[in-house]
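1. After the sequence you'll find the predicted model.
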Amino acid sequence: MIRSLDMILAVCLSSMLASKSPVQLSKVAVVSMNRGDYTVSAGPVRIAIDPRAGATIDSFSFAGYEFLTGRNVHAEFYGSTFWPSPQSDWNWPPPPVLSAGPYEAKVDGDTLTLISGKDPVTGFQFTKRFYLGTGSRMDLVYEISNVSSSGKKVAPWEITRVRKGGLLFFPAGNYRLGKKSFAPVQVQMINGVAWYEDPKSRPAENLLTTADGTEGWAGYAIDGRLFLKKFPVVTPHERAPGEGGIVVYVSAMADYVEFEIQGRYLPLEPGESSEWKVEWIVANIPGNLRIKAGSKELVEFARDLLK
């Protein structure tokens with residue numbers, strides 16, 4: 001059950017942030033806010049999760065700067081969520097028990113754990129764990145359990161809706177870009193790196209591009225800040241049918257870009273579970289770096305943060 005809304009579950013000792021360096025995090029705070037969110041925070045980094053609404057991450061901020069879009073942008077599609085892949089197994093909408101239903105929240109030291117109900121449509125149950133990693137990392141561990149009576153195959157899928165106007169990039173090597181459902185996003189391939197520069201205006205129609213990354217990371221640079229995701233590399237033959245290890249979706253109905261990643265497509269027998277760990281990393285971008293498609297300096301800055 002969700003703990004008392006005014007209970008402080010741990011104490012946060014703030015750390016100072018140099019203006020041009022990665023975040024240096026100290027001890028973690030997990031606090032239940034008055035409106036029902038749980039937060040995991042340290043120094044200037046804060047992540048907030050709503051256990052009542054699919055354990056959606058409805059805020060991820062860095063020194064007060066918010067990366068995610070909220071309910072004010074779209075009442076249903078906001079923040080960061082988690083789905084089973086491929087989408088063709090459930091079509092639309094996403095399974096409500098997993099994506100919008102209430103999760104049970106537990107706190108164990110500095111780890112926040114949220115557990116979904118058992119979904120009768122997909123046969124899955126989700127567990128999400130949030131805790132502080134090393135350096136500037138926030139760790140997110142997603143677990144998919146097969147609670148049905150038959151064998152299944154599934155891949156993990158994290159969908160994060162970020163503010164428009166940024167630059168999304170990731171190493172893709174010689175992998176070809178793909179498309180699904182909509183016209184493709186205008187992604188440039190420069191020296192083995194895929195780049196998408198988002199205009200602040202909405203497109204006339206929804207756009208979506210699937211891709212595969214070669215180094216297990218993708219970044220979104222916006223307003224002088226960098227939001228990185230680090231995750232296990234998925235090769236084309238390991239991904240879910242019709243999907244990609246990295247997905248870029250640009251909405252025509254609301255002001256957000258979906259910064260998506262997927263894991264390996266694996267079999268699960270009844271009672272089996274699989275875990276997938278993602279790291280979120282944030283930093284200020286040095287003022288002398290070019291924030292534009294093809295910037296070698298920006299790519300090297302991202303790689304240095306990942307070490």
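-> Yep, it's here.
2. for the stretch 151-300 of the chain, what spans make up the strands?
-> 152-162, 167-171, 188-190, 193-197, 207-211, 217-222, 225-230, 246-250, 257-262, 266-268, 273-284 (DSSP state E, counting those that start in this stretch).
3. In TSV, list those along with mean neighbour count.
-> C-betas here are computed from N, CA, C, even on glycine. Listed next are those as TSV, based on neighbours: other Cβ atoms under 10 Å:
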stretch	mean neighbour count
strand 152-162	22
strand 167-171	23
strand 188-190	14
strand 193-197	21
strand 207-211	22
strand 217-222	23
strand 225-230	22
strand 246-250	24
strand 257-262	24
strand 266-268	15
strand 273-284	19
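4. could you redo those as CSV and give each row distance to K180 and mean pLDDT?
-> Below are these laid out as CSV (distance: least, Cβ to Cβ, whole Å; pLDDT from 0 to 100):
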stretch, distance to K180, mean pLDDT
strand 152-162, 13, 98
strand 167-171, 17, 98
strand 188-190, 18, 97
strand 193-197, 16, 98
strand 207-211, 6, 97
strand 217-222, 17, 98
strand 225-230, 20, 98
strand 246-250, 8, 98
strand 257-262, 11, 98
strand 266-268, 21, 98
strand 273-284, 21, 97
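5. list the contacts for E272?
-> E272 is in contact with S145, N146, counting by Cβ atoms under 8 Å, 6 or more residues apart in numbering.
6. go with 6 Å
-> E272 makes contacts with N146, as judged by Cβ atoms under 6 Å, 6 or more residues apart in numbering.
7. ok, it to I144 distance?
-> E272 sits 9 Å away from I144, going by Cβ to Cβ, to the nearest Å.
8. Also G219?
-> 26 Å.
9. Okay, the nearest residue to S149 once chain neighbours are set aside and S145: tell me how far apart.
-> Counting by Cβ to Cβ, 6 or more residues apart in numbering, P270 is the residue found nearest to S149 once chain neighbours are left out, at 5.5 Å. Remark: distance between P270 and S145 (Cβ to Cβ) = 10 Å.
10. Run a quick check on V282 versus A63, I expect a contact.
-> No - counting by Cβ atoms under 6 Å, V282 does not reach A63; the two are 8.9 Å apart.
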